[in-house]
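Novice: no sequence for this one, just the structure:
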């Protein structure tokens, strides 16, 4: 490839495209390494968009690229892709830095942005995220063809992040939810490299003076952005988001890569929610309400509310359905951000963010201080809320649940290994009280949504029982419930009381103030943080439901009752499974066990047996204990609840119908009845009313003999049906004996039936010969043992057959001693 340095770039791109279809990946990567090292940035600029697309696939999902989401360590191409995309020494990142040193821009259509961002731009409102500032290209044709001009690093990270949410059609037998895929490992590698918990971000190998440190370019005057310049106050220092010149601190110039990577991940992966939530967050009324509260808390004049209709919103409907793989990657991001934020030095964490302390704080430390609250909190809350409300009621919800539990437990990612206590007995340190208060809704409201899911879930399933146990275990950690209660009390603090408590001037004790005034200021600041958090996510008119209020306590008691019912069901299923296992043993072939599977208990799935049921019972037991601990419930109340449930189950003997109401067309299940069926507490009696000869072949029957005997008996029944009818209609002894052999005794049971099924049932009850019992393995074994016993007694096959027929005839005489109630 070195001889091609004199070729035109167009020929270079054409050659690379041709090689991509003929050469293996290893050879292509080796050629690219030489090209990146030898070609100047001017020529590499033309192949960069194609190279990114060939690796990550096209944004519309038509081109799959290298299929990083399906590439695993067992594949031969895995190591090649990992080395080529490595952020430290990979050729791809070297190409990015080489182009970053020049003023090259690459366009992304606005249509590929997340729905809320796209709708905001199409409305002429600049998004709140600084990532999209000063990057819009306005064509003369209008706003519908807007493009986003990104520098090489931003363009690379956008395509890398977008690869996760691009809809792909996987080959049969493959899926993309594995956590050992090349994409998942690359995300983890990029997070550790650009957001290091220890040390600083390594500098780029090329001098970059045109990243985020350049001054903001002037906006086009052809479009007016109503929201531009009216952003919420940034928690970061000014130089991190808008660095004014290239002469800034060199360490600050390196922060923009970490910030860009995080913003790309958050905007692409989390910035999705419903139309109603978008309108709620973007409406001027909500923004002014939050601004009014902040101004009132600062004793400043309040601005009036914007009149209704003071801004039209472009409506959109984004079909956002995250996959399990998507949620797992988001959980990886949450866990790393907690570890990244918790790596902040204690002296930096305790110092006040004043101008004086800022001079001694590096930009990376400033970034760690506010990374979770500033970048992730709101969008992750909306993301989880959407998943909680739309995810199917199955075991795949575990990925969403663990993402939520990872976020609300930042103390798990501090890196401290000195405490040997188990998680259940380890109290939450007091230093996390401010985190709990500033994320109050993520604790309380999502807990309430989870309760609504739990009461509609089959808790006999061990995977669902585990999820309930996990949530109860997390919230039962010592000191956590008290922190949540305190946060709710701060939010419910009346505002007029706050104004009365707030001192006229904040003076330190050395300046003539009192320690009481200092304490009042701390309380006021805590109230401000909690109220600002709730109003920013739900609006000032939100109807907050207390987690420890009367209404939610009733919902918890309802869940505990369902858990107790599921425990009883799991125990009953376990006992029944043991009985079935005993009956299906070798001895059952001798007639000591039941071979009728029509009445087999159907309260659980096949996997709910044995060890799974034991784990279910254990998980539900511990969940009940933890719920009692969280909500300070009396153990006596729980014992009484369990005893009442056991007595009601024993009295009913589990034979009652599910709870129903009478409708126009019959019985209609209530919500209670549905839960009873889901948890296996009650069920309808389902009887087979078809032709008994056509029932599915059982595991204890020989399929060949069943089909053979069916054909024989059908032929006999067709030819002598008249004689069998005449014999069975006789009232004497011969008629009773004929009815015993030529009719199904089980079909004579009188069942409740609808008029539509009357004809079918009568047809199945007509006299006929059935040879299907002879196809049972148990019957064949008994016959074999009988012939062997006859051989021991010197009886031939004919004599043994005569004895068997005679025994069958005597059995029939015994069964027909009393006349039956058969009526044709």
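Specialist: Ah, there it is. Since this is a predicted model, take the numbers as computed values, not measurements.
Novice: Next, the buried residues of the helix or strand containing residue 29.
Specialist: Element membership of residue 29 [criterion: DSSP states H and E] is helix 25-38. In terms of neighbour count (16 or more other Cβ atoms under 10 Å), helix 25-38 has its buried residues at 28-33, 35-36. No exception for glycine: its C-beta is placed from N, CA and C like everyone else's.
Novice: now the strands: where do they sit in the stretch 101-250 of the chain?
Specialist: 106-109, 136-137, 147-150 (DSSP state E, counting those that start in this stretch).
Novice: Return the most buried member of the ones you listed.
Specialist: Comparing the strands of the stretch 101-250 of the chain by mean neighbour count (mean count of other Cβ atoms under 10 Å), strand 147-150 comes out on top with a mean of 19.
Novice: What is it packed up against?
Specialist: strand 106-109, strand 136-137 (3 or more Cβ pairs under 8 Å, 6 or more residues apart in numbering; DSSP states H and E).
Novice: The nearest residue to residue 90 once chain neighbours are set aside and residue 373: what is the separation?
Specialist: Spatial nearest neighbour of residue 90, excluding adjacent residues (Cβ to Cβ, 6 or more residues apart in numbering): residue 84 at 5.6 Å. Shown here: residue 84 relative to residue 373, a distance of 36 Å by Cβ to Cβ, to the nearest Å.
Novice: Comparing those two, which residue is more hemmed in?
Specialist: Applying other Cβ atoms under 10 Å to residue 84 and residue 373 shows that residue 84 carries more neighbours, namely 20 against 17.
Novice: Next, work out how far apart residue 482 and residue 668 are.
Specialist: Taking Cβ to Cβ, one finds residue 482 at 45 Å from residue 668.
Novice: Neighbour count: those two, which is higher?
Specialist: Taking neighbours as other Cβ under 10 Å, residue 482 and residue 668 compare with residue 482 leading, 14 against 11.
Novice: Could you tell me the per-residue confidence at that one?
Specialist: The per-residue pLDDT reported for residue 482 equals 95.
Novice: What residues sit buried inside the stretch of helix or strand it belongs to?
Specialist: Counting by DSSP H and E, the element that carries residue 482 is helix 480-491. By 16+ other Cβ under 10 Å, the buried positions in helix 480-491 come out as 480-481, 483-484, 486-488, 490-491.
Novice: Next: stretch 451-468.
Specialist: 451, 453-455, 457-468.
Novice: go on, stretch 629-637?
Specialist: 629-631, 633.
Novice: residues in contact with the closest residue to residue 771 other than its chain neighbours?
Specialist: Nearest in space to residue 771, with sequence neighbours left out and distances taken as Cβ to Cβ, 6+ apart, is residue 709 at 3.8 Å. Taking Cβ atoms under 8 Å, 6 or more residues apart in numbering, we find residue 709 in contact with 771-772, 774-775.
Novice: I'd assumed residue 187 was in contact with residue 68.
Specialist: No. The pair residue 68 / residue 187 is not scored as a contact, 9.8 Å apart, by Cβ atoms under 8 Å.
Novice: Compare these two (neighbour count), which wins?
Specialist: residue 68 (26 against 23).
Novice: residues touching that one, list them.
Specialist: 55-56, 81, 163, 181-183, 186.
Novice: Can you get me a residue count around the nearest residue to residue 102 once chain neighbours are set aside?
Specialist: In space, and not counting its chain neighbours, residue 102 is closest to residue 41: 5.0 Å by Cβ to Cβ, 6+ apart. Other residues lying near residue 41 total 16 when counted by other Cβ under 10 Å.
Novice: again, but for residue 407
Specialist: 24.
Novice: Am I right that it is in contact with residue 333?
Specialist: No. In this structure, residue 407 is not within contact of residue 333 by Cβ under 8 Å, at 10.1 Å.
Novice: so residue 768 is in which element?
Specialist: Going by DSSP H and E, residue 768 is not in any helix or strand.
Novice: All further residue positions should be reported with the first residue as 517.
Specialist: New numbering, starting at 517: the last item is residue 1284.
Novice: Please tell me I have it right and residue 552 contacts residue 609.
Specialist: No. Residue 552 lies out of contact with residue 609 (Cβ under 8 Å); the separation is 10.1 Å.
Novice: quick one, domains of the protein?
Specialist: Domains of the chain are assigned by automatic domain parsing as 1066-1194, 1221-1331.
Novice: Need the ones you listed in CSV (columns: distance to residue 566 and mean pLDDT).
Specialist: Converted to CSV, these look like this (distance: least, Cβ to Cβ, whole Å; pLDDT from 0 to 100):
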stretch, distance to residue 566, mean pLDDT
domain 1066-1194, 48, 72
domain 1221-1331, 63, 78
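Novice: if you compare those domains, which one is most tucked away?
Specialist: The most buried one of the domains of the chain (mean count of other Cβ under 10 Å) is domain 1066-1194, showing a mean of 15.
Novice: first to last residue in it, what's the distance?
Specialist: Domain 1066-1194 has an end-to-end distance of 27 Å (criterion: Cα to Cα, to the nearest Å).
Novice: what do you get for stretch 964-979?
Specialist: Stretch 964-979 end-to-end distance (Cα to Cα) = 20 Å.
Novice: Kindly provide the whole-number mean pLDDT of it.
Specialist: On average, stretch 964-979 scores 93.
Novice: And stretch 857-874, by the same measure?
Specialist: 60.
Novice: Alright, that wraps it up for me.
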